[in-house]
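Q: build me a model from this:
(chains A and B)
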There are 2 protein chains.
Amino acid sequence: MSNQDFIELKEERESLLTKFESFKARNLALDMTRGKPCPKQLDLSFPMLNLVSENNYKASNGTDCRNYGGLDGIPEVKKLFSEYIEVSEDEIVIGGNSSLNLMHDTIVNAYVYGVSENETPWGKIPKIKFLCPSPGYDRHFAICETLGIEMIIIDMDENGPDMDQVEKLVLSDDSIKGIWCVPKYSNPTGITYTNEVVERLSKMQTKASDFRIFWDNAYNYHHLTDERPELLNILTTCRETGNPDRPFIFGSTSKITFAGAGLSMIGSSKKNINYIKSKIAFQTIGPDKLNQLRHFKFFENIDGLDKHMIKHGEILKPKFDMITKILDKELGGSGLASWSNPKGGYFISLDTLEGCATRVIALANEAGVKLTPAGSTYPLKKDPKDCNIRIAPSLPETDELELAMEVLTVCIKLASIEVL
Amino acid sequence: MSNQDFIELKEERESLLTKFESFKARNLALDMTRGKPCPKQLDLSFPMLNLVSENNYKASNGTDCRNYGGLDGIPEVKKLFSEYIEVSEDEIVIGGNSSLNLMHDTIVNAYVYGVSENETPWGKIPKIKFLCPSPGYDRHFAICETLGIEMIIIDMDENGPDMDQVEKLVLSDDSIKGIWCVPKYSNPTGITYTNEVVERLSKMQTKASDFRIFWDNAYNYHHLTDERPELLNILTTCRETGNPDRPFIFGSTSKITFAGAGLSMIGSSKKNINYIKSKIAFQTIGPDKLNQLRHFKFFENIDGLDKHMIKHGEILKPKFDMITKILDKELGGSGLASWSNPKGGYFISLDTLEGCATRVIALANEAGVKLTPAGSTYPLKKDPKDCNIRIAPSLPETDELELAMEVLTVCIKLASIEVL
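A: Residues are numbered from 1 along each chain as shown, chains lettered A, B, ... in the order given. Purely as a prediction, here's the structure:
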């Protein structure tokens, strides 16, 4: 920021404070904390609720979906979602309504049993570390935190995680057992990993023989534009580079059908999937097959799912556009903040000046706008530069969003004046 | 068996063998292995499928059941099922479709984190043991086996587990951390724990401060007669005897609504429930609330559930009656076998002469009747007396059952002749 700009900004302070006080006086209660679908998005899946009935409860292979039986999913659902996460039908297990649950259980199983028959359970090793490209997804980091796994921040750029950092670390430290990745429309930065990043992740040498990539492909079909970035297939790439068992791929329909009543899935090598199934056999009577059948009958095939996702995009796009429009208008060229302009996913990632995010969020909260707590996108909720703010446009109505963004931009300016 | 009886039985051998060969010639394929509800039972819950729709997706507190949010269940479902498992509404968490999953996760959490903030994780202790009243439920024992937990067989009688054995063991060995119980219409013996047994379990001194009772109340409303045995409330009794945090109570609607698409629940002290919730927060986005709503709208209250269970009983009772009728007719007074005559639950437990069960099941299999493998009701699938056979009457049609029982009684006689 030039000296001239700074002088102008300081002169604006009084009017900003007046605006801020007027927001406060309105007793707003706006919530931009969560990447929750809005009711209109959920309405898109209403027809799914009627598709399982007295006359429709059997899978294609005759399985009575009401009864016990089946650990990995009914055939047509395995087929559909193996296309969705891009694995083959014997490389997938369909889970319950939460892919977070599958991720958690995969790590806990590694902790208790090891990632395969021949590997030491992580719980028997004094120190386990995970690489955490950041900003990233708070719930990934929370799983590590609760299990006492040490997290190492990896910088994110427009290509994905900084692979120089990653390669150097995994080569030298065998306590590093995993890396968290949201490879497409990443949470929160919105970028999609480049081919080079995926290839380097696949082929890099790791000191730990049981190193795993936790590939949370949560937004694979969650496009906001027609310009769909290609993501290299991690399972294929790992196989080709001699590390077939390295990736665990996760997906879910939480942001496709019903956020709380969807399906989850895990994909991996046949060897890993067989091992996972051997563990699932002890831990559940199997996933809800009626809900699987509902999903299949609703989509019928991957094209049906894709068409459905276009409708989601049509609801979400105007919200994203409005946010970037206000950011451009209020902060464009100011040097006070930079933000992502994602082509898909659920978030806009905004960086304030260093040391400002906590203050901005506190000010916004004072004015009735709730934002995800500062630091949430970093391990242990500590953003070393205190600058990242995750904006979740999906849930609020457009007019609420507009107001919330006006509050936010005023708060960013006020906090910036304080630190400049 | 008197000498005279034995001579008569031996004389019968030829005709038994003829019968056996004639069964074999029919290429039967009868399956009595699993405690699965039959289609007619599942049909009872068809109306449930239509109760959540475009106009019905909100909980009583306004929660949109389609979206994210809520870890322990919607209020009306917590209320209904807290009555079902007899705890208060702040002593319950509603889970997914599998109570086995809740049991598994409860033990795995104890293994990874300890049963409470102040207790050592079981995974950090060199040896963990569980008491296993047997015959019992194979999947309980399988969880222990897969986690490397040593299992100690406790004899079962008509009152429940042999409490002299239990009390002596838990008093002297602090590596004993738990006991598996199916306290009502026990799997497979059908008995209900007496008040004395429940009281002794509640008040007994345990050397381990983190000893827990895994109270799998799977058949609480699964009556076959009007003569409903009372089961003492374990949570209340434990509280009164100064061990409020001792029991974990499990229940599910797998054998109430849809076996594969029901609800599960865990009840315990408020302290335990809060601890469980603190862990669940990391491992899932929360259970399927639409399925909760379906269940609530179907039953409305505990009386609705009870009435529904009477219909189940009406379907099951004739099957149980037919089995005991054939057993009485073919084996009554022979001394070759004894069997339970349960007032509820899902199984008939049959004891052959010592050393016969494996042979009986092999013979039956040869004649096209699949029975649960010998030993399944004991830890590590090893029945020390090789005599227990678990009969699951629910799934087959009555005529199939009748035929299967004729085969079984012939096989029991043949195997008995071999050992006598």
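Q: how about the residues of the stretch 1-150 of chain A by chain B?
A: For the stretch 1-150 of chain A, the contact set with chain B under CB under 8 Å from any CB of the partner chain comprises A:34, A:36-37, A:39, A:42, A:45-46, A:49-50, A:52-54, A:64-70, A:96-98, A:100-101, A:104-105, A:108, A:111-113, A:123, A:139, A:142-143, A:146-147. Bear in mind the C-beta positions are built from the backbone N, C-alpha and C, glycine included.
Q: pull out the buried residues from the lengthiest helix in chain A.
A: In chain A, ranked by residue count with DSSP state H as the criterion, the top helix is helix A:302-331. Neighbour counts over helix A:302-331 (16 or more other CB atoms under 10 Å in any protein chain shown) mark A:305, A:308-309, A:312-313, A:316, A:319-320, A:322-324, A:326-327, A:330-331 as buried.
Q: between those, which sits nearest chain B?
A: Closest approach to chain B among those (CB to the nearest CB): residue A:312, at 13.8 Å.
Q: just give the nearest non-adjacent residue to that closest one, would you?
A: Spatial nearest neighbour of residue A:312, excluding adjacent residues (CB to CB, 6 or more residues apart in numbering or on different chains): residue A:41 at 5.6 Å.
Q: neighbours of the one you found, just the number please.
A: Neighbour count for residue A:41, taken as other CB atoms under 10 Å in any protein chain shown: 23.
Q: what sits against it?
A: Contact analysis of residue A:41 by CB atoms under 8 Å, 6 or more residues apart in numbering or on different chains lists A:312, A:315-316, A:394.
Q: with pLDDT and distance to residue A:89 added, can I get those in CSV?
A: Putting the contacts of residue A:41 into CSV (pLDDT from 0 to 100; distance: CB to CB, whole Å) gives the following:
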residue, pLDDT, distance to residue A:89
A:312, 98, 26
A:315, 98, 32
A:316, 98, 31
A:394, 96, 32
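Q: I'd like these as TSV, with distance to residue B:24 appended.
A: Output for the contacts of residue A:41, formatted as TSV (distance: CB to CB, whole Å):
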residue	distance to residue B:24
A:312	59
A:315	64
A:316	65
A:394	64
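Q: and the residues of the stretch 1-150 of chain A next to chain B, which of them are in helices?
A: Judged by DSSP H, helices contain the following of those: A:39, A:42, A:100-101, A:104-105, A:108, A:111-113, A:139, A:142-143, A:146.
Q: nearest to residue A:350, of the contacts of residue A:41?
A: Among the contacts of residue A:41, residue A:394 lies closest to residue A:350 (CB to CB), at 15.8 Å.
Q: quick one, phi psi at that closest one?
A: phi -70, psi -50 (degrees, to the nearest 10).
Q: ok, it to chain B distance?
A: Between residue A:394 and chain B the computed distance is 11 Å (CB to the nearest CB, to the nearest Å).
Q: contacting residues around that residue?
A: A:35-38, A:41, A:316, A:319, A:346.
Q: how does it look with 7 Å?
A: By CB atoms under 7 Å, 6 or more residues apart in numbering or on different chains, residue A:394 lies in contact with A:35-38, A:316, A:319, A:346.
Q: quick one: buried residues of stretch A:86-105?
A: A:86-87, A:91-105.
Q: for the record, mean pLDDT for it?
A: In this model, stretch A:86-105 has a mean pLDDT of 97.
Q: before we move on, what about stretch A:288-307?
A: Averaged over stretch A:288-307, pLDDT sits at 98.
Q: now check that stretch, is it near chain B?
A: Yes. Stretch A:288-307 reaches chain B (CB under 7 Å from any CB of the partner chain) through A:288-291.
Q: what's the pLDDT at residue A:1?
A: We note a pLDDT of 65 for residue A:1 in this prediction.
Q: same check on residue A:4?
A: The model's pLDDT for residue A:4 equals 78.
Q: of all the ones in helices among the residues of the stretch 1-150 of chain A next to chain B, which two lie farthest apart?
A: Spatially, the most separated pair among those is A:39 and A:113, at 41.6 Å (CB to CB).
Q: and the two? which has more neighbours close in?
A: Between residue A:39 and residue A:113, counting by other CB under 10 Å, residue A:113 is the more crowded of the two (20 against 13).
Q: please name the nearest non-neighbouring residue to that one.
A: Nearest non-adjacent residue to residue A:113, counting by CB to CB, 6+ apart: residue A:121, 5.6 Å away.
Q: strand partners of the longest strand seen in chain A, parallel vs antiparallel please.
A: The longest strand of chain A (DSSP state E) is strand A:150-157. Taking DSSP bridges as the criterion, strand A:150-157 forms sheet pairs with strand A:129-134 (parallel), strand A:160-161 (antiparallel).
Q: between the first one and helix A:138-146, how many degrees?
A: Spelled out, that is strand A:129-134. Orientation check (axes from the mean of the first three to the mean of the last three CA atoms, to 10 degrees): strand A:129-134 against helix A:138-146 gives 150 degrees.
Q: could I get the buried residue list for the host helix or strand of residue A:408?
A: Following DSSP states H and E, one finds residue A:408 within helix A:398-419. Buried positions in helix A:398-419, judged by neighbour count with 16+ other CB under 10 Å: A:400-417.
Q: out of those, which are close to chain B?
A: Counting by CB under 7 Å from any CB, no member of the buried residues of helix A:398-419 reaches chain B.
Q: and residue A:79, how many neighbours?
A: For residue A:79, the neighbour count with other CB under 10 Å is 18.
Q: please name the nearest non-neighbouring residue to it.
A: In space, and not counting its chain neighbours, residue A:79 is closest to residue A:89: 5.6 Å by CB to CB, 6+ apart.
Q: so residue A:210, which of the three states?
A: Secondary structure, DSSP: H, G, I helix; E, B strand; the rest coil: residue A:210 is coil.
Q: which positions within the helix or strand containing residue A:15 qualify as buried?
A: If you go by DSSP H and E, residue A:15 is part of helix A:3-25. Neighbour-count burial for helix A:3-25 flags A:9, A:16, A:19-20, A:23 (criterion: 16+ other CB under 10 Å).
Q: contacts for that helix?
A: So helix A:3-25 is contacted by A:366-368, A:407, A:410, A:413-414, A:417, A:420 (CB under 7 Å, 6+ apart).
Q: in contact with the residue lying closest to residue A:357 once chain neighbours are set aside: list those residues for me.
A: Spatial nearest neighbour of residue A:357, chain neighbours left out: residue A:374 (4.3 Å); criterion: CB to CB, 6+ apart. Residues near residue A:374 by CB under 7 Å, 6+ apart: A:357-358, A:361, A:383, A:386.
Q: which two of the residues you listed have the greatest separation?
A: Farthest pair in the contacts of residue A:374 (CB to CB) is A:361 and A:383. Separation: 10.9 Å.
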